[in-house]
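Chemist: All I have is the shape, not the residue letters:
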């Protein structure tokens, strides 16, 4: 039987096997379908207003128009409207072909890849925050109105998560600082740069960012009460092993502030030397040798000096992946309909900067 669809390379409909046989999955959730039925029923009713003597009967066309308008408002305000995108992947195409017209934008990918759920996964949290930071620095004006609204909604969820879980507030402070700086420049240069939406909306967003910054500034870390084994009870070699597994110098400094023992271990020259060798090439740190008072190389100061000149290696628990065979961007655990004989050989992890570069035309 020939395959019929909008795109002959498309995987087609999704089918689920039930006791009554195979059934096709619907695009929307049952809650939305019930809402559709209720809204459709409105168009078949006769609305009578006014007194008994002066009755006004609306035509069927008016009722249908009102039903369509309410249907749009229902989808916009209902939280279940996230079910619009059944698949958590997106086909990245940069030009029109015989089968596909148009191209994929950064805003469309940002809406489709379900970053709202990704921030709830601790493996993806740092990845999403870094991506939002890169967008704030250079790509904010390239987002559509819907993507910008989605961007700030996700940012709001991130701030609320940090306030509740107190997880990595330093990372969010850096993101908000970059975003506020970008917005100040864009608002001052209104008319010279393209800003989607009313200028008053952007001013309100800037005020919201300043409020978030104040909330994070006043954030108080809750002291956890635990009568069991604590970090201080571990032997020195285990504590040292933990420090050697950190890839961020600021994390080492923060952990060193917990106890005097951890501070002593965090000042180890060999620890900072390994960190420099991991992030930077030998030619790079040979150009920035910083001797200490005793004549030794101060590897700790070298690390932060090199960080200003060269990018450091990024580590994430989970990242987006790109299939070179299908040109599809997706989260690895959700997968995608790959037609390659060996899909694993076609996968390529996508860094936040690579994600931005995919949509530069």
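Modeler: That came through fine. In this text the structure is predicted, and so the values were computed from the model without any measurement.
Chemist: Residue 246: neighbour count?
Modeler: The criterion is other Cβ atoms under 10 Å. On that basis, residue 246 has 17 neighbouring residues. Any C-beta I mention is one placed from the backbone N, CA and C, and that applies to glycine too.
Chemist: Which residue, other than its chain neighbours, is closest to it?
Modeler: Counting by Cβ to Cβ, 6 or more residues apart in numbering, the nearest residue to residue 246 once its immediate chain neighbours are dropped is residue 252, at 5.2 Å.
Chemist: Who are the contact partners of residue 182?
Modeler: Applying Cβ atoms under 8 Å, 6 or more residues apart in numbering to residue 182 gives the contacts 136-137, 140.
Chemist: Give me the buried entries from those residues.
Modeler: 136, 140 (16 or more other Cβ atoms under 10 Å).
Chemist: if we take the contacts of residue 182, which one ends up nearest to residue 306?
Modeler: Of all the contacts of residue 182, residue 137 has the smallest distance to residue 306: 20.9 Å, by Cβ to Cβ.
Chemist: Would you mind confirming that that closest one makes contact with residue 178?
Modeler: Yes: using Cβ atoms under 8 Å, residue 137 makes contact with residue 178 at a distance of 5.5 Å.
Chemist: which residues do these two both contact?
Modeler: A shared contact of residue 137 and residue 178, defined by Cβ under 8 Å, 6+ apart, is any residue touching both; here there are none.
Chemist: and the residue nearest to residue 246, what element?
Modeler: For residue 252, the host element (DSSP states H and E) is helix 249-256.
Chemist: So which bits of that helix are buried?
Modeler: 249, 252, 255-256.
Chemist: pLDDT on that helix, on average?
Modeler: What helix 249-256 shows for mean pLDDT is 89.
Chemist: got a list of contacts for that helix?
Modeler: Outside helix 249-256, the residues that touch it by Cβ under 8 Å, 6+ apart are 170, 242-243, 246, 262-263, 265-267, 271-272, 275, 300, 303-304, 307.
Chemist: let's go with 10 Å and repeat that
Modeler: 168, 170-171, 231, 239, 242-246, 248, 262-268, 271-272, 275-276, 279, 300, 303-304, 307, 312 (Cβ atoms under 10 Å, 6 or more residues apart in numbering).
Chemist: What is the next helix or strand after it packed up against?
Modeler: Next helix or strand after helix 249-256 toward the C-terminus (DSSP H and E): helix 260-266. Identification of packing neighbours for helix 260-266 by 3 or more Cβ pairs under 10 Å, 6 or more residues apart in numbering; DSSP states H and E yields helix 236-244, helix 249-256.
Chemist: wait, which of those is closest to residue 14?
Modeler: Ranking these by proximity to residue 14 (Cβ to Cβ) places helix 249-256 first, at 42.3 Å.
Chemist: Would you state the strands of the chain in chain order?
Modeler: For the chain, strands defined by DSSP state E occupy the ranges 15-18, 21-24, 48-49, 56-57, 89-91, 320-323, 328-331, 347-350.
Chemist: contact partners of the last one?
Modeler: Put plainly, it is strand 347-350. In this structure, residues lying in contact with strand 347-350 by Cβ under 10 Å, 6+ apart are 127, 131, 316, 318-325, 329-330, 332, 336, 338, 340, 354, 356-358.
Chemist: Quickly run through the sheet partners of it, with directions.
Modeler: When pairing is defined by DSSP bridges, strand 347-350 lines up against strand 320-323 (antiparallel).
Chemist: now the partner strand: how far from the chain's centre is it?
Modeler: Averaging C-alpha coordinates over strand 320-323 and over its chain gives two centres that are 15 Å apart (Cα atoms, centre = their mean, to the nearest Å).
Chemist: Show me what the mean pLDDT comes to for it.
Modeler: The average pLDDT within strand 320-323 is 90.
Chemist: Residues in contact with that strand: which ones?
Modeler: Contacts of strand 320-323 (Cβ under 10 Å, 6+ apart): 89-92, 109, 113, 115, 118, 124, 127-128, 131, 328-340, 343, 346-352, 354-355, 358.
Chemist: Now that we have those, which of them are buried?
Modeler: Listed as buried from these are 89-92, 109, 113, 115, 118, 124, 127-128, 131, 328-331, 336-338, 346-347, 350-352, 355, 358; burial here means 16+ other Cβ under 10 Å.
Chemist: Helices along the stretch 251-361 of the chain, start to end?
Modeler: Secondary structure of the stretch 251-361 of the chain (DSSP state H, counting those that start in this stretch): helices at 260-266, 269-279, 282-286, 299-309, 352-357.
Chemist: Could you export those helices as JSON lines, including distance to residue 182 and mean pLDDT?
Modeler: Supplementary listing: the helices of the stretch 251-361 of the chain in JSON lines, determined by distance: least, Cβ to Cβ, whole Å; pLDDT from 0 to 100:
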{"stretch": "helix 260-266", "distance to residue 182": "34", "mean pLDDT": "91"}
{"stretch": "helix 269-279", "distance to residue 182": "27", "mean pLDDT": "89"}
{"stretch": "helix 282-286", "distance to residue 182": "29", "mean pLDDT": "77"}
{"stretch": "helix 299-309", "distance to residue 182": "20", "mean pLDDT": "86"}
{"stretch": "helix 352-357", "distance to residue 182": "14", "mean pLDDT": "88"}
